[in-house]
Structure formats: structure tokens, C-alpha cells
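In: Next one to model:
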Amino acid sequence: MVRFLRRLLPGLAFVCSSIVSFVSGSAQSTLADQAPVAASTSSVSSPASTLSAVPSRLAEAKMLYRKGSFDAAIAKYQEILQGNPPSPDAYAGLVRTYLKKKDVQQAYDTATHALQVVDSEPIHVALGEVYFRQGRIHDAEEEWVKVINSGRQDARAYFGVARVRMALSMYKSAWTLLDKAHTADPSDPEIQKLWTQRLNRAARIKFLEEYLAGDNNDDAETRTRMQHYLEYLKARANDSRAACQLVSKTTTTETPLVRLLRDPTHLRGYGLSVAVNGHNSKLMLDTGASGILVNRNLAEKAGITRLSDMPVWGVGDKGDKAGYTAVANSLKIGELEFQGCTVRVLEQRSVADEDGLIGGDVFASFLVDIDFPNEKLHLSELPRRPEENNNPLKLKTEEDDPGQENKDSKNDAAPTTSKETKPTQSGPQDRYIAPEMKSYTQVLRFGHMLLVPTAIGEVPGKLFLLDSGAFTNSITPAAAREVTKIHGDPRVTVKGLSGTVKSVYSADRAVLQFGHLREENQDLIAFDLTHMSDHTGTEISGILGFTLLRLLDVKIDYRDGLVDFSYNPKR
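Out: Numbering: from 1, shown residues only. Predicted structure coming up:
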């Protein structure tokens, strides 16, 4: 049975539809309880050599960087650094250029070397960005907070801490810091792209049109996805139907989990019965996926209305798959009915051998209780914040951002300013941990993905994706090598929405610790997740998959970034 299971690992799939992922997290959950920037007596010295850099040459290097001429930018920064004394800003620019080229190790080596040459704030900010990409979120935040507390109005430092706050579901404080970053440097493209997500749909469309028409340093894949997102926004703006909304009177429901079998005797996952425009379907419940993805056959039978082209991607080495966005007039799940909800359609006859996938984030407005041992999904209202009068319920299928679930349904509400102090129903709010959720594990939310702080043996601080659509637990080769040995295994095949993974390994014994649980794994599957990590912006070291999750009752509060793992030995 073990060899058979290792021969085929189906269902390892996740759908990514966000255009730009500027999100973050911290392995230290106590950071969520700090003030936006904690007071501190520590600071980072800024030597006088900062003033000696030649502004025109730095501006030229930055221009080359921002237009995507990375090799030329590297050469220009290195030319500047040949002067005496060296320029901290040139070192910082060089580090960012290597990061943009996705050479994380070279960026780290450059930053650490630079600090040995000249200990300066710009380099500490750039080192924080390297730490963030490495998944060392607490270290990244420390670098940025020290710079801010030194009195320096550094846009990238504000931007960095804002990314941490977003991953911690501290959206209100994140937007306050993002406002500071934008005020300090409104021309920084990365700050711009995140800041404009607060704007209404019309303003977002205008920004994307101008951004894509000019020079930028995004790779072809990112630009293509941004273009598709722009087309989606325009199509949704021209659609007269309101955004996805709950039309049934009930606000809770319990529905059976549907067994999905690989063969008559082997379970490979669970799904939900979902009526799409009155047509019954089985969609795999996939906490590693975003929104609702259906196959072409179901879309045609249900008569859902096409909006715009939107590629679909997931695990695998074959790249994006053709697809499009559409609007379903009606979606029924248990006793709940929703209308006007966006779905994605894959231009294939099946999705992971099923009618489609339904991401856990679809239920972000609810407390999601996936009771795998008892094969039930229970949706209920989230604990109400002390200042809230109501808690609007809907399916999270729109192309909006975390923390924005309560925005106006047409996305035309005015942006919330950092001067507001009284919480509102339409603006982003910080994480609220209700008394009954004190024992929940604080996880990091990166768009639709929930990353669980996980220790591998005695090595803490890794981030693992919570993914019920992945058949088994897995780990990256780099993370595995920190605690054990890996070796090639031709018996193993890993396949996702983007095809088959080329290089797959087996890792010897590894112990995973997360939440209140400890899982010992023999012959853990290992394969590279660099593409997923690059898109997310931080290192994903592994996946907590179905073979583990099926033993647990998993409760998820997407709004506040909280998960409860309860072991049930019934199965």
C-alpha cells in the first residue's frame, strides 16, 4: 500500500489568481500584539559616507533597475562601489537587484558583506527584504523596526513592516504603515502596486493601464497575469450584477464531506456537493487553492457567463493552463445560497480528476470547521468584534485582497485613510482573537494561502502550506537537508494543475511540529517549491497534506489568521 501510494500522488493542486503578492508573515506570533512600530532605545548608525554617493549615478542605476535592465544595473552599482568610501545606497540597490533576479543567496551574501564594509540603515533595510524572502520574518521585522525607531523616514522600512502586518491579519495597522511608505516615496513601484489595492475599482484600472503601458521590472509571467487581472476588472465593472452575496436566510450550515476515491478502496481527498446554476457537482475541498475552479464541461452545462481570460496555475513544471473567469448566477452549498459569484473555468475536461476545486478561502466570511474524521463541513458566523453591529456573509470569490472582505460590493467605496481611528464596517480591521479562540494557532495569511509556523525536528521557524488538496505531507529539498538526508526516488510522481514535477526526492525521517501537534514522517516526499515561494514573496518550506489533515478536526478563521488543529483518533 505504501509503494502504491508513493507511485501516484494526485490532487496536489492550487490555483493562484492574485496579480501581485506583496504579503508577509512572522514566525513570532507575539508580534501581532505590538504597536505598529514599538518604541525602542536601539538604533542603527548612519555613517557620513552616505552623503558621498554620486546622486546622478545612483539615479541612473535605479532607473536601470526599475526598467528591468538588471545586468546593467548591477554593473552600474558595482562601478559606484569601486569609489571610496563605498555607497550604502549602492549596496542596497545591488541587493534588491539580485532579489529581483531571484538570486536570493547572492542577495544575502551581498547584504552581509556590505554591513561588514559600512554599517548603514539602507543596507539594514535591504537585508530585511532578504530575510523576508528567506522566510525569516521575525528577523526582517527587527531590521525594519530598528531603522524606523532610529528616526529615519524610510519608505522601504515602512513598506516591509506593512507586509508583516498583512500576513498577521493586522490589516488596519498595515494600511497605516503603507500610507507612510507611500507618502515617503510615492514613486516606488512595489509600494504603488500594494497601495493602489486600497483604491476603488476605477482607480485600480487606471493605475494598471498606466503601469503596464510604461517600463517596469516585472518578469513576463507577472506582466501577463497583471494584464489578465486588468481585463477581469474591466469586465466586472461592465457587469451589471452585484458582487457575490448570500440570499438564503440561514447563516450557518452543516454539509457532508464527499469521499473522493482513487480506486474503489483508496481515499484521496474530500469534496463538497455544490449546485452551480442548479447543476449538481462535486468539487474537491482544497485549502491550498483559491476561489472556485470548475472544468469546461460543468461550465457549459451550467451556462455560467464568461467574463475574461484568466490563466490557471499550480504545482508542476508545465506553466499556466488556459482558463477564464465567469459569473455563476447561483451557488448552493448545504443550506446556503449565494448569487452573482465569480468562478474560474479551466479549459479542460477535468480538474484533478473531478468537476473542480473549491478553495477554503471561499468561506473567509465564516468560521470554517472541517471535521475530517466525521466527514462534515460546518460553517458558522465568526465571533463578532466588540465594535461590530453586524458581520456581512458572502462567498469570497471576488478578486479582492485579504482584509478587504467588507468593502462595498462594487469596489467603489472611497479608500480608508490612515487618519481614521474609529473602526468601520467598510474598512480593514486588525486581527481579533475572541476569548473562545485563545488556544488557536496564529498562522500567516498570504492571499489565499495559510502558512503554518512549523518546526522540522529541532529547526524552528519554517512555514508550511495548509493544503488539503495535496495528497501527502512534503518538504523542500533545502529544508530537508537541514535535518536529514534526501535521495532520488523514481517511484514517486507528483502531479498538479501545472503538470508533473520533474525532480522528486525522498527525505529520511523528519519530525514536524505545528500547533499543538507532532507528526513523525518516514520517507517524506521532497520537491522544489521555489516558483510558489517566488510568487508568494517568502519561503514555503513544505506542505501539510491530506494524509495528515484527514485525522484532524480543523477549524479555520481566515479573517483573523487563526487555525485550530484537534486530533481525533476515531480513524
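
In: which residues does Pro383 contact?
Out: Residues counted as contacts of Pro383 (CB atoms under 8 Å, 6 or more residues apart in numbering) are 367, 432, 434, 436-437. For every residue, glycine as well, the C-beta is placed using N, CA and C.

In: Just the buried ones out of those residues, please.
Out: Buried members of the contacts of Pro383, scored by 16 or more other CB atoms under 10 Å, are 367, 432, 434, 437.

In: that older thread, next step: the contacts of Pro383 restricted to helices.
Out: With helices defined by DSSP state H, no entry of those lies inside them.

In: Show me the two of the buried ones among the contacts of Pro383 that sit farthest apart.
Out: Spatial extent of the buried ones among the contacts of Pro383 (CB to CB) is set by the pair Leu367 and Tyr432 at 12.4 Å.

In: so where is the chain shaky, pLDDT-wise?
Out: In the predicted model of the chain, residues 1-55, 313-319, 350, 352, 390-426, 490, 494-499, 501, 522, 568-571 satisfy pLDDT under 70.

In: Report the central residue of it.
Out: Nearest residue to the geometric centre of the chain (CA atoms, centre = their mean): Phe446, 2.5 Å.

In: is it fair to say His113 lies in a strand?
Out: No. Using DSSP: H, G, I helix; E, B strand; the rest coil, the assignment for His113 is helix, not a strand.

In: Tell me who's in contact with it.
Out: His113 touches nothing, counting by CB under 8 Å, 6+ apart.

In: swap the cut-off to 10 Å and go again
Out: 91, 95, 123 (CB atoms under 10 Å, 6 or more residues apart in numbering).

In: Closest to Arg296 out of the residues you listed?
Out: Val95 (45.0 Å).

In: just to revisit the earlier point, mind giving me the PyMOL command for buried ones among the contacts of His113?
Out: The PyMOL selection below is limited to those of the contacts of His113 classed as buried (16+ other CB under 10 Å):
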select buried, resi 91+95+123
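
In: Would you indicate which residues of the longest helix along the chain are buried?
Out: Using DSSP H to define each element, the chain has its longest helix at helix 220-237. Neighbour-count burial for helix 220-237, counted by 16+ other CB under 10 Å, picks out 222, 225-226, 228-236.

In: and what of stretch 256-264?
Out: 257-258, 260, 262.

In: same check, this time on stretch 67-75
Out: For stretch 67-75, by 16+ other CB under 10 Å, it's 69-70, 72-74.

In: Could you dump these into TSV with secondary structure added?
Out: Converted to TSV, the buried residues of stretch 67-75 look like this (three-state DSSP):
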residue	secondary structure
Ser69	coil
Phe70	helix
Ala72	helix
Ala73	helix
Ile74	helix
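
In: and the buried residues of stretch 256-264 as JSON lines, adding secondary structure and distance to Ser330?
Out: Converted to JSON lines, the buried residues of stretch 256-264 look like this (DSSP: H, G, I helix; E, B strand; the rest coil; distance: CB to CB, whole Å):
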{"residue": "Leu257", "secondary structure": "coil", "distance to Ser330": "22"}
{"residue": "Val258", "secondary structure": "strand", "distance to Ser330": "20"}
{"residue": "Leu260", "secondary structure": "strand", "distance to Ser330": "24"}
{"residue": "Arg262", "secondary structure": "strand", "distance to Ser330": "31"}
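
In: how about the residues you listed, which pair is most distant?
Out: Farthest pair in those, by CB to CB: Leu257 and Arg262, 16.1 Å.

In: Would you map out the domains in this protein?
Out: Following the assignment in automatic domain parsing, the chain carries domains at 2-10+434-567, 26-38+49-167, 245-381.

In: would you list every one of the strands in the stretch 401-550 of the chain?
Out: 441-442, 444-446, 449-456, 459-466, 474-475, 486-488, 495-496, 499-500, 504-507, 510-514, 517-521, 524-527, 542-544 (DSSP state E, counting those that start in this stretch).

In: So which residues of the stretch 1-150 of the chain form helices?
Out: 2-7, 55-66, 70-81, 88-100, 104-117, 121-134, 137-149 (DSSP state H, counting those that start in this stretch).

In: in the helix or strand just after the last one, what's buried?
Out: Downstream of helix 137-149, the first helix or strand assigned by DSSP states H and E is helix 155-167. Residues of helix 155-167 classed as buried: 155-167 (neighbour count, 16+ other CB under 10 Å).

In: swap in stretch 361-376?
Out: So for stretch 361-376, counting by 16+ other CB under 10 Å, buried means 361-372.

In: can you list those residues in TSV and add distance to Arg559?
Out: Listed next are the buried residues of stretch 361-376 as TSV, based on distance: CB to CB, whole Å:
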residue	distance to Arg559
Asp361	11
Val362	13
Phe363	11
Ala364	6
Ser365	7
Phe366	9
Leu367	9
Val368	10
Asp369	14
Ile370	16
Asp371	20
Phe372	22
